[in-house]
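Enquirer: Predicted model follows, preceded by the sequence.
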Amino acid sequence: MLVYPVLFLLGVFIAYLVLSLMAGHPLFLRREKEREESTPPRTCPICGSLLEKGQLIKSIAFQGGVTVGNVTERLNHIFGCPFCYPVNGATPRVCPVCRRIIPADGYLIARMFERSDRERKHVHVLGCTACRKG
């Protein structure tokens, strides 16, 4: 009686081993390094430059905001990355919404969403100081 469930579990285990060998890694267990390699490279929303690990985008997230459930929404101003801010003239600063050149004193206006159960933040760009005027 106990033979059939044991044979079934043994078959499932063998199938898992075969599939893992074909994939080249364990199917359900992922290492941190593999997880980091699978994330796409980050780009600057203003100039489109690829950011290396550790490079940050200059931005200001304002205090307060609106909290609904476990999500907090706050206003955010994005100035640029090390390649385009401070403005150097070599790297064009283009608004991803209106596609116009952002002036030297301009920035992107965005909404930032933070969830209490997640580490990463989500940013939704609304436009630049030129296209978001009154």
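Expert: Arrived safely, thanks for sending.

Enquirer: use CA for all of it now, contacts and neighbours both
Expert: OK.

Enquirer: Give me the longest helix you can find in the protein.
Expert: helix 3-23 (DSSP state H).

Enquirer: Okay, and the beta partners of Asn76?
Expert: Going by DSSP bridges, Asn76 is paired in beta bridges with Ala61, Ala110.

Enquirer: you'd agree it is up against Lys58?
Expert: No: with contact defined as Cα atoms under 8 Å, Asn76 and Lys58 do not form a contacting pair (10.6 Å).

Enquirer: hey, where'd the strands end up in the protein?
Expert: 58-61, 66-68, 71-80, 108-115, 121-128 (DSSP state E).

Enquirer: So this structure: which segments form each domain?
Expert: The chain breaks down by automatic domain parsing into domains covering 1-39, 42-134.

Enquirer: that older thread, out of the strands of the chain, which comes closest to Gly48?
Expert: Among those, the nearest to Gly48 by Cα to Cα is strand 71-80 (9.8 Å).

Enquirer: least trustworthy helix or strand in this protein by mean pLDDT?
Expert: Least confident helix or strand of the chain, by mean pLDDT, DSSP states H and E, is helix 32-38 with a mean of 57.
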